[in-house]
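> Have a look at this prediction, sequence included:
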Amino acid sequence: MINKEVNVRTSLTIPKNLKSKLEILAKDDHISVNNLIIKALDKYVKDEFDNMHNKME
């Protein structure tokens with residue numbers, strides 16, 4: 001169940017071969033593809049914000 005106070009549902013179109021790879025990685029990590037995508041996006045965004053912060057110093 002989605003917690004609408006914290007989360008938002010979105011639609012995403014990705015290449016089939018990328019989806020297949022995500023499914024393999026998610027299965028290996030024992031998590032859902034959705035959670036794997038969230039994990040990857042969260043890491044990317046944190047890294048980019050860190051880089052942006054470092055450039056401002």
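Perfect, I can see it now.
> remind me which residues of the protein are low pLDDT?
Within the chain, the set of residues satisfying pLDDT under 70 comprises 1.
> and the nearest residue to residue 22 once chain neighbours are set aside, what is it in contact with?
Excluding the flanking residues, the one nearest residue 22 by CB to CB, 6 or more residues apart in numbering is residue 33, at 5.1 Å. (Each C-beta comes from the backbone N, C-alpha and C, glycine too.) Each residue near residue 33 by CB atoms under 8 Å, 6 or more residues apart in numbering is listed here: 19, 22-23, 26.
> The residue nearest to residue 12 when sequence neighbours are not counted - how many residues pack around it?
Closest residue to residue 12 apart from its sequence neighbours, by CB to CB, 6+ apart: residue 37 at 7.7 Å. Per other CB atoms under 10 Å, the neighbour tally for residue 37 reads 15.
> same thing with residue 54?
8.
> One more: residue 38?
With other CB under 10 Å as criterion, residue 38 counts 13.
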